[in-house]
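>>> make a model of this:
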Amino acid sequence: MGFSARQMIALKRNLDHRNVRTREANGRELSYIEGWYAISEANRIFGFDSWSRETIESKCVLARENRGSFLAVYIAKVRITVQADGATVIREGHGTGQGHGSSPGEVHDIALKAAETDATKRALATFGKPFGLALYGNGKTTPRVRSPAPEPRPLHQGHHQVQLPPDDTTPIPRPSRYFGRRQDLVTRERAQGRRQLGLPPSTNTSIVPASPDLLPGQIDKSALTIAEPRRLRDKAHLRFVASHPCLVCGRQPSDPHHLRFAQPRALGLKVSDEFTVPLCREHHRQLHQAGNEIAWWHDLDIKALEIAKGLWDESRMKAYPTAAQASQQPVPTNPPEMASRQDASKLPNEAN
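Coordinates of the predicted model:
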């Protein structure tokens, strides 16, 4: 009595590298799977009504408040119970989570949920590789490489040569039934718009724009019917922002600060890298402790969004000069606010 043959095959299958996420912690790159994916795999392998999760213990080990900014750290113990062909399998796991922000209730809620999610993933990892057990070997999974299809066999028939299919053909996986539905909606709307304007139908049905800011095959979700904020990631632009002096005091080195009010908040996601400005370590820490970022910038009379846009345009001009010239949009080489701050920072040195 125990898991079925189908479940055993699924539990022994290696983790797909496309579902692995990475983050930096203490100077190291850590690989992990997201909590929703682990729960989805448990529903798929065990069945929706054949397993349960129970929080055995949860405790707040740290709660701190500093100038309106709250921090909370929780630990949790979770028990996973699986019903497999009349047998009951129980696994447990511990986890930690932390939250910080301006609302104490939200901070404690985020920390508790993060601890329970971490404990759930650790308990599920004891069942096999699909739940992240493969990451504990070397921290990464090996991508599956499809073997190239063999060459077709030529067959001579008289004076003609016929190409027969190879004997060992590689099976092509069937795409998901949900694949392309949102893409089809956008393509359909674009075709209708071109017909209303009297334009010929476009031959390119791909919804991926020819933009240097998107990776090959990446979709601009801001153009979908149910639009989502576009969050671009560009390490070169962050280094470019960090090379500028602090907007407040003009000192260096600077940190690239993400303007949190520029886009809607999302759990575990920063705003797009295009909304970054340079701040020294002292003012960067002071801003994170302020709580109300919009009021903080308003009190300093600094238009942070305009400066961030100027830095982004200047960075795009240097990284992609051809695309920037084609757009025919003037890109400021030095934003006026930053120039005034830089001039103000030079006055004491000139006086000395």
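>>> compute the number of surrounding residues for the closest residue in space to residue 245 that isn't next to it in sequence.
Once flanking residues are discounted, residue 245 sits nearest to residue 252: 5.1 Å by CB to CB, 6 or more residues apart in numbering. For every residue, glycine as well, the C-beta is placed using N, CA and C. Counted with other CB atoms under 10 Å, residues neighbouring residue 252 total 13.
>>> next one: residue 130 from residue 278, what distance?
Separation of residue 130 from residue 278 (CB to CB, to the nearest Å) stands at 43 Å.
>>> count the residues that sit near the nearest residue to residue 63 once chain neighbours are set aside.
Distances taken as CB to CB, 6+ apart place residue 72 nearest to residue 63, at 5.1 Å, with adjacent residues excluded. A count of nearby residues for residue 72, using other CB under 10 Å, gives 24.
>>> so where does residue 72 fall, helix or strand?
Per DSSP states H and E, residue 72 falls inside strand 69-84.
>>> what are the buried residues along that strand?
70-80, 82, 84 (16 or more other CB atoms under 10 Å).
>>> can you list the helices and strands that the next helix or strand after that strand packs against?
Going down the chain from strand 69-84, the next helix or strand is strand 87-101, by DSSP H and E. Applying 3 or more CB pairs under 8 Å, 6 or more residues apart in numbering; DSSP states H and E, we find strand 87-101 packed against strand 69-84, helix 104-125.
>>> make a markdown table out of the ones you listed and add mean pLDDT and distance to residue 240.
Below are those laid out as a markdown table (pLDDT from 0 to 100; distance: least, CB to CB, whole Å):
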| stretch | mean pLDDT | distance to residue 240 |
| --- | --- | --- |
| strand 69-84 | 92 | 29 |
| helix 104-125 | 91 | 32 |
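>>> more neighbours: which of residue 130 and residue 278?
Between residue 130 and residue 278, residue 278 has the larger neighbour count (other CB under 10 Å), namely 28 against 24.
>>> quick one: the residue nearest to residue 245 and residue 246 touch, right?
Yes - the pair residue 252 and residue 246 qualifies as a contact (CB atoms under 8 Å) at a distance of 7.1 Å.
>>> distance of residue 119 relative to residue 313?
Between residue 119 and residue 313 the distance is 45 Å, computed by CB to CB.
>>> between the two, which one's more packed in?
residue 119 (27 against 18).
>>> which SS state does residue 2 fall under?
coil (DSSP: H, G, I helix; E, B strand; the rest coil).
>>> can you give me the neighbour number for it?
By the measure other CB under 10 Å, the count of residues near residue 2 is 10.
>>> quick check: it vs residue 302, distance?
Between residue 2 and residue 302 the distance is 64 Å, computed by CB to CB.
>>> before we move on, what about residue 16?
For residue 16, the distance to residue 302 equals 45 Å [CB to CB].
>>> quick one: which of these two has more around it?
With neighbours defined as other CB under 10 Å, residue 16 and residue 302 compare such that residue 302 has more, 18 against 14.
>>> the more buried one falls within a helix, correct?
No - assessed with three-state DSSP, residue 302 is coil; it does not lie in a helix.
>>> wait, doesn't it sit right on residue 247?
Yes - between residue 302 and residue 247 there is a contact at 5.8 Å, judged by CB under 8 Å.
>>> which stretches of this structure form helices?
Along the chain, counting by DSSP state H, helices occupy 5-12, 35-46, 104-125, 135-138, 181-196, 235-242, 281-290, 293-300, 304-319, 321-327, 336-351.
>>> of those helices, which shows the lowest average pLDDT?
Here the helices of the chain differ in mean pLDDT, and the lowest is helix 336-351 at a mean of 48.
>>> returning to what we had before: against which helices or strands is the strand holding residue 72 packed?
With contacts defined as 3+ CB pairs under 8 Å, 6+ apart, strand 69-84 has these neighbours: helix 35-46, strand 51-66, strand 87-101, helix 104-125, helix 281-290.
>>> adding distance to residue 271, write those out as CSV.
Shown next, in CSV, are the helices and strands packed on strand 69-84 (distance: least, CB to CB, whole Å):
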stretch, distance to residue 271
helix 35-46, 22
strand 51-66, 23
strand 87-101, 15
helix 104-125, 18
helix 281-290, 14
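>>> quick check: which of these is buried the most?
helix 104-125 (a mean of 20; mean count of other CB atoms under 10 Å).
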